[in-house]
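Student: sequence unknown, structure follows:
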């Protein structure tokens, strides 16, 4: 059975994959990976509530589950935070699998989402960054490559770049971040491994409890039957949106509107009113260029094979 190999180093304005070289894994660790805007925080929320079904979390979810490859956060502080955690740890990454050292004992959860839906969420995310965020992102020592560009507001130009340019030499989409389709492909190739689970955003939307029960079983987590309604309700988008800082913490440094902006709409299909025929032709070309047909179908529809 083939296993993943670390073949690329991802370093830019956001990422530094080499930070994982200092990570000391535990046999029960959970790593949550998405490209971005594909349900990262949602999956962190789900895992947090499965691990703490009695609502005994003392910190916001995103503080419990640090983003290790985010170069803006001091590495020593993140590593110390993980070292001091006594509960089962769940760590966030936005790295493709070819940028991570693979560990057989770790449980990986990968969340996929239709690229067109990711793009709509990305517009809100990128478009609402504060001046302080840009200054910090580009000013922290050690950045490799060009600065993180400011949001232009030109949706058509942003889409064209995102579909046709890569930030890294081995990618051909995802600019100015990193490849969304490439991220999916690196994990898709190893979906046969028993410690890699692919979950789709659309399936979470349509069958949240079913998906959560499958995730709990995969992670070996037992939830008392009496707590399941509460645990599921705590993970519904509507619940999170009522008190977004409980999940995301104080995001006012990075986003205009803080956590309420960071936790945006949680819906699919908004691209249908934005992207035109020419835009979708670029999308189809990117799919064919980067992905297998099976992976592309899954990224669009999820396991349920329902259109978003």
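Tutor: Good, I have the coordinates. If you're wondering where the values come from, they're calculated on a predicted model, not measured in any experiment.
Student: got the buried residues for stretch 293-308?
Tutor: Across stretch 293-308, burial judged by 16 or more other Cβ atoms under 10 Å covers 295-296, 298-302, 308. C-beta here means a position set from N, CA and C on the backbone, and glycine is covered the same way.
Student: now it: average pLDDT?
Tutor: Stretch 293-308 shows a mean pLDDT of 81.
Student: same check on stretch 58-67?
Tutor: On average, stretch 58-67 scores 90.
Student: in CSV: the buried residues of stretch 293-308, plus secondary structure and distance to residue 275.
Tutor: Shown next, in CSV, are these (DSSP: H, G, I helix; E, B strand; the rest coil; distance: Cβ to Cβ, whole Å):
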residue, secondary structure, distance to residue 275
295, helix, 21
296, helix, 16
298, helix, 20
299, helix, 16
300, helix, 14
301, helix, 17
302, coil, 20
308, coil, 13
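Student: in JSON lines: those residues, plus distance to residue 216.
Tutor: Shown next, in JSON lines, are the buried residues of stretch 293-308 (distance: Cβ to Cβ, whole Å):
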{"residue": "295", "distance to residue 216": "26"}
{"residue": "296", "distance to residue 216": "29"}
{"residue": "298", "distance to residue 216": "22"}
{"residue": "299", "distance to residue 216": "24"}
{"residue": "300", "distance to residue 216": "27"}
{"residue": "301", "distance to residue 216": "24"}
{"residue": "302", "distance to residue 216": "19"}
{"residue": "308", "distance to residue 216": "25"}
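Student: this protein: strands as residue ranges?
Tutor: 30-33, 90-93, 107-112, 196-200 (DSSP state E).
Student: quick one: which of the ones you listed is nearest residue 210?
Tutor: strand 196-200 (11.2 Å; Cβ to Cβ).
Student: tell me the mean pLDDT for the closest one?
Tutor: The average of the pLDDT scores along strand 196-200 is 98.
Student: quick one: that strand to strand 107-112, angle?
Tutor: Interaxial angle, strand 196-200 versus strand 107-112 (axes from the mean of the first three to the mean of the last three Cα atoms, to 10 degrees): 30 degrees.
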